[in-house]
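*Asks:* Task: produce atomic coordinates for the following.
(one chain, ligands or ions: 3)
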Amino acid sequence: MPGKYWLEIYGCQMNFAEGYALESELKKLGWKQAGTAEEADVAILHTCSVRQTAENRIWGRLGFFKHIKQSKHQKLIVMGCMAERLKNEIVQREPSVDLVVGNYHKEYLADIIDGLQDQDISHAERKEAFLKHEKEFRFQKLHYRENDFHAYLPIMHGCNNFCTYCIVPYVRGREISRSPEEILDEISQLESRGVKEISLLGQNVNSYSYQDGRTKVDFPDILERILDHSRDIEWIRFITSHPKDVPPRLIDLIQEQPRICRHVHLPVQHGSSSVLQRMNRKYSREDFLDLVRRMKEKVPGISLTTDILIGFPGEGEKDFQDTLSLLREVRFDDAFMYYYNVREGTPAAQFDDQLPKELKLERLDEVIQLQRSISHEIRMQRIGTVEKVLAESVSRRNSSELLGRTERDQMTVFPGTKAQIGGFFHVRLEELHGNTFKGSICEEPEA
Ligand code: SAM
Ligand code: SF4
Ligand code: F3S
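*Replies:* Ligands and ions are numbered 1, 2, ... in the order given. Modelled structure (predicted):
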């Protein structure tokens, strides 16, 4: 029976895509979004396990929902990577959790939530509802959030790379590529709902591989099929591209196809070849710098962003300095920077040369300072240029301004009206406030 749901999504873009898909299924069944967590009949936490900090946050939220449940009849569901990793512990530590759903069976979840409201269904029967189905991953059908002009579109699931620090292959399983038919079908559905920009998702999109009848479809092939198939989607992005195997044809496509954004997220993780080797990244510092050189040569002005993982076991001062020098050399537009968290069950958790937390934090701080100043300098250089921007919403600060993103995926506000939301505009960047540009709409510049 439909009621009100409250959904909190943590973690990566894949989690957001899946959360939005669940939300649209619930809405189809007549469910409404609750205005506050307290008001909801069902509360759902879509969780992440990549770092201890992500899990700690969920334990905290579970305490909050336990408190709500003392005075209100509410069902509590924990789903996603932490649910996959710590199923038994969650059930034991938090009896207030009604259902724990890992990374499989999400496609049945909306129906099961609908059934949860029915008091006749016992806990055992609900568990049975999952166990009846084999543990095989299936993609949800439509990863769309109402009124959005951007959509995350999973084309792969899982990971085969087993970087020694990372929990993802253990909680998401082996790589599976989604069929071109399903991908193109979802694109048609997204276009019919007004979506203008998509981000293709996978832990490593470069290893996309699907046997379509007699034809093997790889990542550049599926990109070409998407370009052929779609009409209204003007911007195509993809995340993540593992630096070990960026296909040369992909770089050509970025150069040739204006609808593929000239922005690539290329997580390097570290600047020292020996650390990269122990991380099992399968490329060296030199390989990475060579890739960057080729990309910048082929696609002048390309925007590169990255992930940095600092404080890996055995990281010496020289290794750390190598990371700083790599950042200075590449000059990424932006970076997500983390300190290494031990993840139980991964090989690096057993390495005996773990660094003290204070040293990890100290080094992380230095990396953040350096990258911040590089990001700021790069942004300042863009002042005065004209960029294409997709208007996404009315600015929260000023209702006569719109908030949008540039092709480099940078936030920009500019004067505009609600009717312009969902449109592409040429915006002259005039000022920088924090990380957000301020500008105004102008004529398209001469090519
Ligand atoms: N598949 C992507 C790749 O290979 O670049 C990364 C996906 S991972 C979910 C996102 C980021 O989390 C990684 O790039 C890494 O920097 C960070 N990460 C992974 N494991 C971590 C750990 N044990 N501690 C801290 N950060 C971690
Ligand atoms: Fe984790 Fe490495 Fe897979 Fe990325 S490629 S998800 S970092 S194991
Ligand atoms: Fe976290 Fe799972 Fe994504 S561990 S980063 S939500 S794949």
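*Asks:* Mind checking what secondary structure L429 has?
*Replies:* Following DSSP: H, G, I helix; E, B strand; the rest coil, L429 is assigned to strand.
*Asks:* wouldn't it be in contact with T412 here?
*Replies:* Yes - taking CB atoms under 8 Å as the contact criterion, L429 and T412 are neighbours in contact, 6.8 Å apart. From N, CA and C alone the C-beta is placed, and that goes for glycine too.
*Asks:* what touches both of these two?
*Replies:* When CB atoms under 8 Å, 6 or more residues apart in numbering defines a contact, the residues bordering L429 and T412 alike are E387, F437, K438, G439.
*Asks:* I'd like to know which residues of the chain are adjacent to ligand 2.
*Replies:* Neighbours of ligand 2 within the chain, by CB under 6 Å from any ligand atom: C159, N161, F162, C163, C166, V168, P169, Q203, N204, H242.
*Asks:* what residues are up against the second one?
*Replies:* In other words, N161. Contacts of N161 were listed using CB under 8 Å, 6+ apart, and they are P169, Q203, N204, H242, N280, K282.
*Asks:* now do the fifth one
*Replies:* For C166, the residues meeting the contact criterion (CB under 8 Å, 6+ apart) are V50, C159, R343, T346.
*Asks:* Let me have the residues of the chain next to ligand 2 in JSON lines, adding secondary structure and distance to Q369 as columns.
*Replies:* Below are these laid out as JSON lines (DSSP: H, G, I helix; E, B strand; the rest coil; distance: CB to CB, whole Å):
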{"residue": "C159", "secondary structure": "coil", "distance to Q369": "31"}
{"residue": "N161", "secondary structure": "coil", "distance to Q369": "30"}
{"residue": "F162", "secondary structure": "coil", "distance to Q369": "32"}
{"residue": "C163", "secondary structure": "coil", "distance to Q369": "26"}
{"residue": "C166", "secondary structure": "coil", "distance to Q369": "26"}
{"residue": "V168", "secondary structure": "helix", "distance to Q369": "28"}
{"residue": "P169", "secondary structure": "helix", "distance to Q369": "32"}
{"residue": "Q203", "secondary structure": "coil", "distance to Q369": "29"}
{"residue": "N204", "secondary structure": "coil", "distance to Q369": "30"}
{"residue": "H242", "secondary structure": "coil", "distance to Q369": "27"}
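*Asks:* Buried ones only from the residues you listed, please, as a PyMOL command.
*Replies:* Burial among the residues of the chain next to ligand 2 is assessed by 16 or more other CB atoms under 10 Å; the matching PyMOL selection reads:
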select buried, resi 159+161+163+166+168+169+203+204+242
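*Asks:* Same list (the residues of the chain next to ligand 2) but as a markdown table, adding distance to L326 and pLDDT.
*Replies:* Shown next, in a markdown table, are the residues of the chain next to ligand 2 (distance: CB to CB, whole Å; pLDDT from 0 to 100):
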| residue | distance to L326 | pLDDT |
| --- | --- | --- |
| C159 | 24 | 97 |
| N161 | 20 | 97 |
| F162 | 23 | 98 |
| C163 | 17 | 98 |
| C166 | 20 | 98 |
| V168 | 23 | 97 |
| P169 | 25 | 97 |
| Q203 | 22 | 97 |
| N204 | 21 | 97 |
| H242 | 17 | 98 |
